[in-house]
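S.K.: Pasting the sequence and the predicted model now:
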Amino acid sequence: MSSFFRSHESQEEKFDEMINEPVHGLIIRLAIPTIISTLITSIYNMADTFFVSQINTSASAAVGIIYALSAIIQAFAFMIGMGSGNNIARLLGQKKNERAAYFASVAYFTELIVGTLLAVIGLANLESLVYLLGATDTIAPYAMDYARYILLAAPFMMCSLGMNNMMRFQGNSMFSMLGIASGGILNLILDPIFIYDFGLGLGISGAAIATGISQFISFLILTYLCNHIDSCISIRISNFRPSLKIYSAIVHNGLPSLTRQGIASVASIVMNLAAHPYGDAAIAAISIVNRITMFMNSAVVGFGQGFQPVCGYNYGAKKYRRVMDAYYFSIKVEFIVLGTLCFLGFIFASPIITLFRREDAEVIRIGAMALRMQVLTFYLMAQINMANMFTQTIGYGFRATIISLLRQGLYLIPMVAILSKAFGLMGLLAATPVSDILSSVTAFFITRAILKDFKKMAAEQDEAEAEPSTVNT
């Protein structure tokens, strides 16, 4: 435990660790806490779906509808958190700690301000919002009850996600895990208490209240840790000096995250609207399958997040060979993990869906079919995830943005329109695996070109380092 929990490690020691420690072991050590935190986050998202699904099919569908709203909130949070985190990691790699401190404080207070604005706008237009997100008349009342409290928690949710990313990019993934995991575990405890009659009996509102309270607790824990860890940059109001230059750098590096999450929200809305002709059961089934695949993806996303600080520090220090080694190692691990999970998902599709909504045979039928179709190609997310994290971390903002648009934007939305019109429900469900194939191929060619340049620069460095010894000989 002591190898992970290094609360008194200085920023200079952190730099030495990130630049010189063997890459594979370093990534695994940094990835373990992030994997735990992403899994717990995914589990409590699944818990919301599980507990709410016991109410009825329309309530289950409402959670899927409001996923699009959560994705919008997360899109802004990740843009600011990861945009600043990328800059922080590279600045620390260049030993520009004071400059990195400005990014951290600007990002923290900006998250609070933007979260508050989103909450005010959303609450003022709540009914119109849930219909815009794809709710039917039977789903809308549940969606409004759920969305109301999610919006109230938006400032704390955004700030928690922002701090989580900034801490990870500084190599403090163990501490970011503590904040996120604490909130996730609390959510799991509060969900059944707040939802059902044997507790407070608040129904779907109880699930949202439990989530809001959990996000607030995570916010408090992460704020405390940020300001009491030697190896972490402290948040100071005196460092809140927003400028066009800082915001430009944050947006440049965070735009892929905004694009990825934002397009996920749009894709979710499109899927919900396309599923309308097949009833609440289809919307509920798609919602459940989305939560299951999010859980599968969370483990490899956590591993990729262990890769990002290693990539950022070493790219800043011009250690190109270490960056390539980190990338190839990470993508191999992700393919193995996702391939195993996809195999299990295909075999046990029906029992998995039954766990969520055993009372509705139509949800089980559509959900099992959708899950089996998705896992046929879902392991390709390894290529898509790593291509996006790699290009974003090294500051290739345009290419990272293109990759983030691929799966749920450039390919999925057109595929939904084309295939659902041609083949009905089966075509709607097939749109995602087709998008996976097209996206992974495109991402492969984008990253191959960058890695080719890195290989050339690493070879030039090797030659430059070898020249003095050749002269001496």
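M.R.: Done, it's in. Residues are numbered from 1 along each chain as shown.

S.K.: ok, Leu425 touching Ala282?
M.R.: Yes. With contact defined as Cβ atoms under 8 Å, Leu425 reaches Ala282; the gap is 6.6 Å. Where C-beta positions appear, they are placed from N, C-alpha and C, glycine not excepted.

S.K.: can you give me the mean pLDDT across the helix or strand where Pro351 lies?
M.R.: Assigned by DSSP states H and E, Pro351 belongs to helix 349-357. Mean pLDDT, helix 349-357: 91.

S.K.: Which strands and helices lie in contact with it?
M.R.: helix 23-53, helix 57-93, helix 279-316, helix 361-375 (3 or more Cβ pairs under 8 Å, 6 or more residues apart in numbering; DSSP states H and E).

S.K.: ok, back up a step: spit out the residues that contact Leu425 and Ala282 alike.
M.R.: Ala275, Ile366 (Cβ atoms under 8 Å, 6 or more residues apart in numbering).

S.K.: quick one on the thing from earlier: mind giving me TSV with the helices and strands packed on helix 349-357 and columns for distance to Ile221 and mean neighbour count?
M.R.: Listed next are the helices and strands packed on helix 349-357 as TSV, based on distance: least, Cβ to Cβ, whole Å; neighbours: other Cβ atoms under 10 Å:
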stretch	distance to Ile221	mean neighbour count
helix 23-53	12	22
helix 57-93	16	27
helix 279-316	18	25
helix 361-375	34	21
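
S.K.: Can you flag the weakest of those helices by average pLDDT?
M.R.: Comparing mean pLDDT across the helices and strands packed on helix 349-357, the lowest value falls on helix 23-53: a mean of 81.

S.K.: Can you tell me what sits against stretch 143-153?
M.R.: In contact with stretch 143-153 (Cβ under 8 Å, 6+ apart) are residues 52, 62-63, 65-66, 69-70, 73, 118-119, 122-123, 126-127, 129-130, 133, 135, 157, 203-205, 207-209, 211-213, 215-216.

S.K.: State the mean pLDDT of it.
M.R.: For stretch 143-153, the per-residue pLDDT averages 92.

S.K.: Which parts of the stretch 51-200 of the chain are helices?
M.R.: For the stretch 51-200 of the chain, the helices defined by DSSP state H, counting those that start in this stretch cover 57-93, 97-124, 126-132, 140-152, 154-169, 173-195.

S.K.: next one: the stretch 301-450 of the chain
M.R.: Using DSSP H, counting those that start in this stretch, helices in the stretch 301-450 of the chain cover 320-347, 349-357, 361-375, 381-393, 397-405, 412-472.

S.K.: Kindly present the ones you listed as JSON lines, with separate columns for distance to Ile185.
M.R.: Listed next are the helices of the stretch 301-450 of the chain as JSON lines, based on distance: least, Cβ to Cβ, whole Å:
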{"stretch": "helix 320-347", "distance to Ile185": "22"}
{"stretch": "helix 349-357", "distance to Ile185": "20"}
{"stretch": "helix 361-375", "distance to Ile185": "26"}
{"stretch": "helix 381-393", "distance to Ile185": "25"}
{"stretch": "helix 397-405", "distance to Ile185": "30"}
{"stretch": "helix 412-472", "distance to Ile185": "31"}
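
S.K.: most packed of the ones you listed?
M.R.: helix 381-393 (a mean of 25; mean count of other Cβ atoms under 10 Å).

S.K.: ok, now which ones touch the residue nearest to the spatial centre of the chain?
M.R.: The residue lying closest to the centre of the chain (Cα atoms, centre = their mean) is Val301, at 7.1 Å. Residues in contact with Val301 (Cβ under 8 Å, 6+ apart) are Thr38, Asn385.

S.K.: Report how many residues lie close to the residue nearest to Asn239 when sequence neighbours are not counted.
M.R.: Excluding its sequence neighbours, the residue lying closest to Asn239 (Cβ to Cβ, 6 or more residues apart in numbering) is Ser105, at 3.6 Å. Close neighbours of Ser105, defined as other Cβ atoms under 10 Å, add up to 22.

S.K.: buried residues in the helix or strand Met271 falls within?
M.R.: Element membership for Met271, per DSSP H and E: helix 244-275. For helix 244-275, burial by neighbour count (16 or more other Cβ atoms under 10 Å) applies to 246-247, 249-250, 252-275.

S.K.: can you pull the pLDDT of Arg236?
M.R.: Looking at Arg236, its pLDDT is 88.

S.K.: distance of it from Gly25?
M.R.: Applying Cβ to Cβ, to the nearest Å, the value for Arg236 to Gly25 is 34 Å.

S.K.: same check, this time on Ser265
M.R.: Per Cβ to Cβ, Ser265 is found 37 Å from Gly25.

S.K.: next one: Ala275
M.R.: To Gly25, Ala275 is 45 Å away according to Cβ to Cβ.

S.K.: for Gln408, same thing?
M.R.: From Gln408 across to Gly25, the span is 34 Å (Cβ to Cβ).

S.K.: just Val416 next, same as before
M.R.: Distance of Val416 to Gly25, computed by Cβ to Cβ: 43 Å.

S.K.: and if you look at Ile193?
M.R.: Taking Cβ to Cβ, one finds Ile193 at 41 Å from Gly25.

S.K.: Likewise for Phe15?
M.R.: Look at Phe15 and Gly25: by Cβ to Cβ, they are 17 Å apart.

S.K.: swap in Thr340?
M.R.: The spacing between Thr340 and Gly25, counted by Cβ to Cβ, is 22 Å.

S.K.: Also Ile221?
M.R.: The value you get for Ile221 to Gly25, if Cβ to Cβ is used, is 28 Å.

S.K.: Repeat that for Gly122.
M.R.: Distance of Gly122 to Gly25, given as Cβ to Cβ: 44 Å.

S.K.: Likewise for Ile88?
M.R.: 23 Å.

S.K.: Equivalent analysis for Ser160, please.
M.R.: 29 Å.

S.K.: Okay, now the unreliable bits of the stretch 101-250 of the chain?
M.R.: Residue ranges of the stretch 101-250 of the chain with pLDDT under 70: 197-201.

S.K.: Torsion angles phi and psi at Asp230?
M.R.: Here is the backbone geometry of Asp230 (degrees, to the nearest 10): phi -60, psi -40.

S.K.: what's around it, how many residues?
M.R.: Neighbours of Asp230 (other Cβ under 10 Å): 13.

S.K.: What of the one 5 residues further on?
M.R.: Summarising burial for Ile235: neighbours were counted as other Cβ under 10 Å, giving 21.

S.K.: Isn't it up against Cys226?
M.R.: Yes. The pair Ile235 / Cys226 is scored as a contact, 5.2 Å apart, by Cβ under 8 Å.

S.K.: hey, what's in contact with both of the two?
M.R.: Common neighbours of Ile235 and Cys226, using Cβ under 8 Å, 6+ apart, are Ala104, Tyr108.

S.K.: Tell me which residues of the strand or helix carrying Asp16 come out buried.
M.R.: Using DSSP H and E, Asp16 maps to helix 11-20. Across helix 11-20, burial judged by 16+ other Cβ under 10 Å covers Gln11, Lys14, Phe15, Glu17, Met18, Ile19.
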